[in-house]
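**Q** generate a structure from the sequence data that follows.
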Amino acid sequence: MRGVAEGRIVVGERVIVGTVVTKSHLAYARALAWSLAETQSDSKLYCLLADRIDDYFDPRTEPFEVITIEALDRPELLHKLCFYYTRFELCNALRGELHHYLWKQHEIERWLYLDADIMVVGDLRPVLARLDDAQILLNPHRCLPYEPGRIEPYETTLLRVGVFNSGFLGLRRGAAAAEFLHWYRSRLQRYCFHDLVRFQNRRRRRRSLARGLFVDQLWLNLVPAYFEKVDLLCDPGANLAHWNLDCRRLVQTEDGRFTVDAQALRFVHFSGWDINEPYKVSAHSKLYVDWVNPAWCALAAKYRDYLVKARLAETATWPYAFSHFNSGGAVTPDMRRAYWEQLVQGRWNDIDPFDEPQLFESTVTRLWRGIKCLGRHGRLRSVHGAAPRRVAAGHPSPPSLPTCCCEPSNKRRFAK
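**A** Model (predicted):
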């Protein structure tokens, strides 16, 4: 049933929350853990690290339980994900693995996923209570339509990025949740790319490698149609953010409590928020350029204090472990996409891509030259290229690579 969070609140039930971060965003996880502990009588945060610790921090001193990638199922598969996904894509792709870990390794009946850039303000037990009769709890970006003058670009953006916000998800053990989780993990392991833009050539109607995906969020659109026991959380105090703040009345009462539409504020999502401009709602929306709300300013100041205490200025400088080959060279986005394309074609399954930078030198150059030519001339052909230099003996032969009419050796052939 849609509406305000309500249900049978289990007295004494522990509030379990999970999140995923790289170590550069560790300060956000600390802030989430502290806000959770301050507002819940008994709670615990599990933080899956989409990165390596590399002696930058001590997991034993953190206000949450750290889960490493090595502790998850099928680490050899996840190692491939670390290469073909960017850090943003990987954090989203590992959400399914986090749920699977909590299901298998802990005797937890129900739990919530919250993005690390969320601050908990109120009691979360009424949100968990919505899982009494459901096993999957989704949160729409907004539950009211935009005004006619704001359909473009705001409401049309929701059609592109998804109905539901993947920064929140609630699960309770059961057959429907198990079926969903199996499906969710399988999709995120191979199709959690951030490539919304899909170029299409006008003359030949041929598409580029973009798939029109927005990490895990668009997959949630299918959940109410695919699975049973799905409920929608439309509590105005849940997941307050730039995508719904314009249609909700945020107030701070005289005793310091925060309410939204006369309901208790539960958690705020600081998506697109900048600690250097704390009173600006989000860089993702222009609705709040001249908007001033004392309650929002109070929340932003509190969140800023959390992040300063968490040493955001320090953690933000910590490097991402999967941004370079083991030899030290940078892994580019083009290399990540090229590796995924070869895996899909059944190639390069037995190599560690972080050990083989030479495999990508000619592969990426010719692959993306062909894609650019597709946009310029509408021509793209595939040929078997010669083996890249310095490829060790015994490695798979290079893939079929696109070539384009811009290459000198092909101008005469394409001209015919």
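**Q** find the nearest non-adjacent residue to the residue nearest the centre of the chain, please.
**A** Among the residues of the chain, the one closest to the centroid is residue 92, at 2.9 Å (C-alpha atoms, centre = their mean). Nearest non-adjacent residue to residue 92, counting by C-beta to C-beta, 6 or more residues apart in numbering: residue 215, 3.8 Å away. In short, each C-beta sits where N, CA and C put it, glycine included.
**Q** ok, that neighbour - contacts?
**A** Counting by C-beta atoms under 8 Å, 6 or more residues apart in numbering, residue 215 makes contact with 88-89, 92-93, 166, 192-194.
**Q** over to residue 113. Which of the three states is it?
**A** Recorded secondary structure, residue 113: strand (DSSP: H, G, I helix; E, B strand; the rest coil).
**Q** not counting its neighbours along the chain, what's nearest it?
**A** Once flanking residues are discounted, residue 113 sits nearest to residue 169: 4.3 Å by C-beta to C-beta, 6+ apart.
**Q** how close does that neighbour sit to residue 127?
**A** Note on residue 169: its distance to residue 127, by C-beta to C-beta, to the nearest Å, is 11 Å.
**Q** tell me the mean pLDDT over the strand or helix carrying the residue nearest to residue 113?
**A** Using DSSP states H and E, residue 169 falls within strand 168-172. Averaging pLDDT along strand 168-172 gives 98.
**Q** doesn't residue 351 make contact with residue 79?
**A** No - applying C-beta atoms under 8 Å, one finds residue 79 not in contact with residue 351, separated by 11.0 Å.
**Q** quick revisit: give the residues shared as contacts by residue 169 and residue 127.
**A** With C-beta under 8 Å, 6+ apart, residue 169 and residue 127 have common neighbours 112, 137.
**Q** tell me the domain boundaries of this protein?
**A** 15-315, 324-415 (automatic domain parsing).
**Q** quick one: end-to-end distance for the longest one.
**A** Spelled out, that is domain 15-315. With C-alpha to C-alpha, to the nearest Å applied, domain 15-315 spans 27 Å between its terminal residues.
**Q** mean pLDDT lowest where, among the domains of the chain?
**A** Among the domains of the chain, domain 324-415 scores lowest, at a mean of 65.
**Q** can you show me the helices along this structure?
**A** Counting by DSSP state H, the chain has helices at residues 26-39, 75-84, 87-93, 95-105, 125-129, 156-161, 175-190, 223-226, 294-309, 312-315, 333-344, 358-377, 411-415.
**Q** which helices and strands sit right next to the third one?
**A** Okay, so that is helix 87-93. Contacts defined by 3 or more C-beta pairs under 8 Å, 6 or more residues apart in numbering; DSSP states H and E place helix 87-93 against strand 15-21, helix 75-84, helix 175-190.
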